[in-house]
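Q: Turn this into a model:
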Amino acid sequence: MATQDTPTNDRATVDQMTQARTLCGYNPFLLAELEEFLNRQPSRAQMYEFIEDLRNPTRQKARFDANILRVCKLVGIDEPTAAEKLLALQIGLQQEQNAALALIASRLGSHGTGSDSGQSQSVFGPLLTGMLLGAVVSH
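A: As a prediction, this is how the structure comes out:
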């Protein structure tokens, strides 16, 4: 693993990227954050900081809260109540579960059929989630 005294112009290593992906697990929000970060072609030192940030429990709670608010904002709720936050939490957990199941299905499926279903879930899941959240909030 890289140390903080590594020159900043050295690119992040494959080992660092693999470690970051492992820490992200199947969390779609963390994976999206990681992909956005990797698109900026980080240095080893920046990657080290990113990995340490993933491990930081305080940062994990802040990221968790931000993800709940993101789900609420996607369906037009700017100031969610506790019940709406709980529903957003359930939706986020369902999205993580769907991502994990899609990965398993793609590994078990033949000729890549599982990866196609994973792509359709990523479109259908948020749409269904929005409709369900809207229906619950309107009642």
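
Q: Just the local confidence number for the residue most central in space within the chain, please.
A: Residue closest to the mean C-alpha point of the chain, counted by C-alpha atoms, centre = their mean, is residue 29 at 1.9 Å. Confidence at residue 29, expressed as pLDDT, is 76.

Q: and residue 23, how far is that from residue 52?
A: Here residue 23 is placed at a distance of 10 Å from residue 52 (C-beta to C-beta, to the nearest Å). Just so you know, the C-beta spots here come from the backbone N, C-alpha and C atoms, and that holds for glycine as well.

Q: Residue 46 now?
A: Taken as C-beta to C-beta, the span from residue 46 to residue 52 is 11 Å.

Q: Show me which of the two is the more surrounded one.
A: Set side by side, residue 46 and residue 52 show more neighbours around residue 46, with 18 against 11, by other C-beta atoms under 10 Å.

Q: and after the helix or strand containing that one, which helix or strand comes next?
A: In this assignment (DSSP states H and E), residue 46 forms part of helix 44-55. Scanning forward in sequence from helix 44-55 by DSSP H and E, the next helix or strand is helix 57-74.

Q: Nice, that's everything, thank you.
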